[in-house]
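Peer 1: only geometry, no sequence info:
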Ligand SMILES: NC(=O)C1=CN([C@@H]2O[C@H](COP(=O)(O)OP(=O)(O)OC[C@H]3O[C@@H](n4cnc5c(N)ncnc54)[C@H](OP(=O)(O)O)[C@@H]3O)[C@@H](O)[C@H]2O)C=CC1
Ligand SMILES: O=C(O)CCC(=O)C(=O)O
Ligand SMILES: [Mg+2]
């Protein structure tokens, strides 16, 4: 059987970086029996794969995501997964616009479907919206941590992004104290398998089936909950008053990309409350032009163009009056006047809250200065642990990356665990009534009484993944000799079921001498912060959402970016999914690249992910060559760090292309210097020599490419020829690599 690495083609900065790195990987693995194949799972690729009927033959592409979704269930899976866009509606619209302009005859996305046909079309697009990729590929739990060399490097060369916490800080996390998902949650563990359905029973007795088939396994944990939107609006209004009165910034932190059904609605309510005067006054006009607060203020402003000029001006003036009346909003881009409420995917909580901590409890104001913010995270399931960290900083000051210990994570993720698999079970209540989950016998398993507009959701966590998660936690605790803390809250219905399971499954393992505890998220956060400040490491063992949040939070503080994390998904079927870093696809990096030819993306995550991927081939196929490649790449990564070849943020200094060049040179040198494989040694002795002899020339050629705008022929679907040209601007380097 061929040993194959699948490299995912994705979006934005990591997609550009791939144009530099992949040719190197292919050249290095040539003749070793390792094949490197790509699969396009980018947003644009997924759109095209979804509409073959609308495309010419030469425009069609296969549904690679579905193919990889099958592959991850097989033992031979070995996939390098780079971060991809989880598209919010505005991102989908932008991608569609680009594709249509490139001659792909795709239908428009109906934001507000008017008939059955449009509804069907919306559903079809729904497949590519939001976090459409990760839940399909993540058929395993998550092991995210800094590689020892990376952590050591970060302590020796602490990043300079940390700002001090002020003596007096008005920063706080504001959350609801009733009516949120946390408050309303009910949960149970299935004692036997059944095929359930979700129904909505209106108070007038009318029953609507919301989800026809909900197969449930024995032993799985099933939850239901809802967000009371009247309480949510009250909460927003109250917090806005508080921010106004205290003279601090107001910010909202949600995850509208991943939580694609619930969070745009939660976001929309905030837009509605903040701009209430204007939106209420012109409700009829806004409806007519199809403007929805759920897509953010930017979308509303754009659609105003559909109105006569005087009406547009009136509405704009009224919107501006809301800014005067309300608290100052945190800005995403103060120079362009883009606020926190403009676009739902601009404030993605896992990435945005760590920046608040990093910046001393502040966000940017309209003057382009940092200012204290009240950070609204409506739901208490996850808000309170952020507040615990903020309090820790207010008491003890900023964390010190030079000395702080690491908080790594073992996350329950497999088989669409918990909230991150709830999109097809999330509904907005059409009326006053009850959502109920009914089993095959007609008995109600769980139910939620709701008011119109409330957001209902059901979540599942299957038993096999939970067992595997506990196993992985014990294994990590044993291998690292580090305390492992299960972040579970016995005040949450779901977590109570989980605690029972954890206690049961821990008994399957030898835990003697290990420090394994279960703590509430707030206490676990305090405990982990305290240890980290003392330079001690701690493993957080969490559910899917905290996995996501904590693996950005601590790495951003410790390493400057979560891109430097090792992010391994040991698949349940025995294969491996190697994610590159724990962050996203960095749209800002692309903007900078297009403007001034400097790509500040750090591919360390990609370099690091390749090591276990090659190790897996070595182990599975007894490939001595793969083993040597893995060992030498590990050495090269060490050299890359030791010699500080990380990308600069500034134009005309080393960028992604230079970084990948140095990694290449160090890797070649390590292969030349090893003695386990004579063939590789011979081959790479020459290559290493060539690269080293030409180091100055190559570095110069790479720098010379910077400083002017770059055209890669598109944002969501760049032209591969132009992108390759832009990302491989050194003829000297190219000739060495291409001759291999
Ligand atoms: N696994 C996945 O597939 C994930 C996908 N996403 C998707 O990514 C997109 C952007 O999300 P967003 O929340 O802005 O998060 P990002 O992680 O893309 O960006 C946040 C910031 O983190 C820094 N950063 C991230 N990766 C790197 C890297 N490799 N090198 C250097 N700096 C890095 C950058 O800081 P600076 O600008 O200061 O340089 C960047 O602006 C969204 O569409 C989202 O859905 C998000 C998370 C995970
Ligand atoms: O899939 C997504 O939308 C985001 C995933 C993510 O943020 C993570 O896994 O850290
Ligand atoms: Mg994340």
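Peer 2: Perfect, I can see it now. Note that the structure is a prediction, hence the values are computed from the model and not measured. Residues are numbered from 1 along each chain as shown. Ligands and ions are numbered 1, 2, ... in the order given.
Peer 1: just for the stretch 151-300 of the chain, where's the confidence low?
Peer 2: Applying pLDDT under 70 to the stretch 151-300 of the chain flags no residue at all.
Peer 1: for the closest residue to ligand 3 within it, what are phi and psi?
Peer 2: The nearest approach of the stretch 151-300 of the chain to ligand 3 comes at residue 258, 7.9 Å away (CB to the ion). C-beta here means a position set from N, CA and C on the backbone, and glycine is covered the same way. Torsion angles at residue 258 (phi, psi; degrees, to the nearest 10) stand at phi -70, psi -50.
Peer 1: ok, now which ones touch it?
Peer 2: 86, 130-131, 134, 420, 548 (CB atoms under 8 Å, 6 or more residues apart in numbering).
Peer 1: likewise residue 164?
Peer 2: So residue 164 contacts 360, 397-398 (CB under 8 Å, 6+ apart).
Peer 1: go on, residue 643?
Peer 2: 662, 666.
Peer 1: ok, it to residue 609 distance?
Peer 2: 21 Å (CB to CB, to the nearest Å).
Peer 1: now residue 346
Peer 2: Taken as CB to CB, the span from residue 346 to residue 609 is 27 Å.
Peer 1: cool, and residue 62?
Peer 2: 24 Å.
Peer 1: and the stretch 601-740 of the chain, which residues reach ligand 3?
Peer 2: Contacts of the stretch 601-740 of the chain with ligand 3, taken as CB under 5 Å from the ion, are absent.
Peer 1: my read is that residue 372 contacts residue 248, right?
Peer 2: Yes - assessed by CB atoms under 8 Å, residue 372 is found in contact with residue 248 at 4.5 Å.
Peer 1: which one's more surrounded, the two?
Peer 2: residue 248 (24 against 21; other CB atoms under 10 Å).
Peer 1: show me the strands in the stretch 1-150 of the chain, by range?
Peer 2: 3-9, 34-40, 78-81, 142-145 (DSSP state E, counting those that start in this stretch).
Peer 1: same question but for the stretch 251-400 of the chain, I mixed them up
Peer 2: 331-333, 338-339, 362-364, 370-376.
Peer 1: for ligand 1, which of those strands is the nearest?
Peer 2: strand 331-333 (9.9 Å; CB to the nearest ligand atom).
Peer 1: that closest one near ligand 1 at all?
Peer 2: No - Strand 331-333 lies out of reach of ligand 1 by CB under 6 Å from any ligand atom, never closer than 9.9 Å.
Peer 1: which strands and helices lie in contact with that strand?
Peer 2: strand 338-339, strand 362-364 (3 or more CB pairs under 8 Å, 6 or more residues apart in numbering; DSSP states H and E).
Peer 1: turn those strands into a markdown table, columns for distance to ligand 2.
Peer 2: Compiled in a markdown table, the helices and strands packed on strand 331-333 are given as follows (distance: least, CB to the nearest ligand atom, whole Å):
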| stretch | distance to ligand 2 |
| --- | --- |
| strand 338-339 | 21 |
| strand 362-364 | 20 |
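Peer 1: of those, flag the one that's most buried.
Peer 2: strand 362-364 (a mean of 23; mean count of other CB atoms under 10 Å).
Peer 1: quick check, that one touching ligand 1?
Peer 2: No - using CB under 6 Å from any ligand atom, strand 362-364 never reaches ligand 1; the gap is at least 12.4 Å.
Peer 1: what's next to that strand, contact-wise?
Peer 2: Against strand 362-364 from outside (CB under 8 Å, 6+ apart): 163, 171, 249, 251, 330-332, 334, 340, 355-356, 370-373.
Peer 1: buried subset of the residues you listed?
Peer 2: 171, 249, 251, 330-332, 340, 356, 370-373 (16 or more other CB atoms under 10 Å).
Peer 1: how is this protein partitioned into domains?
Peer 2: The record's domain parsing of the chain by automatic domain parsing lists 172-176+230-397, 182-228+427-457.
Peer 1: excluding chain neighbours, what is closest to residue 196?
Peer 2: Leaving aside its sequence neighbours, residue 196 sits nearest to residue 214 (CB to CB, 6 or more residues apart in numbering; 4.3 Å).
Peer 1: now the helix or strand where that neighbour lies: buried residues?
Peer 2: Secondary structure from DSSP states H and E places residue 214 in strand 207-216. Neighbour-count burial for strand 207-216 flags 210-211, 214, 216 (criterion: 16+ other CB under 10 Å).
Peer 1: picking up where we left off before, comparing residue 346 and residue 609, which residue is more hemmed in?
Peer 2: Legend: neighbour count by other CB under 10 Å for residue 346 and residue 609, higher for residue 609 (25 against 20).
Peer 1: flag every residue of the stretch 201-350 of the chain that's near ligand 3.
Peer 2: residue 350.
Peer 1: apologies, that question was intended for the stretch 451-600 of the chain.
Peer 2: Residues of the stretch 451-600 of the chain lying near ligand 3 (CB under 5 Å from the ion): 548, 552.
Peer 1: all strands for the stretch 451-600 of the chain, in order.
Peer 2: Using DSSP E, counting those that start in this stretch, strands in the stretch 451-600 of the chain cover 455-461, 484-487, 516-519, 538-542, 566-570, 576-580.
Peer 1: lovely, talk soon.
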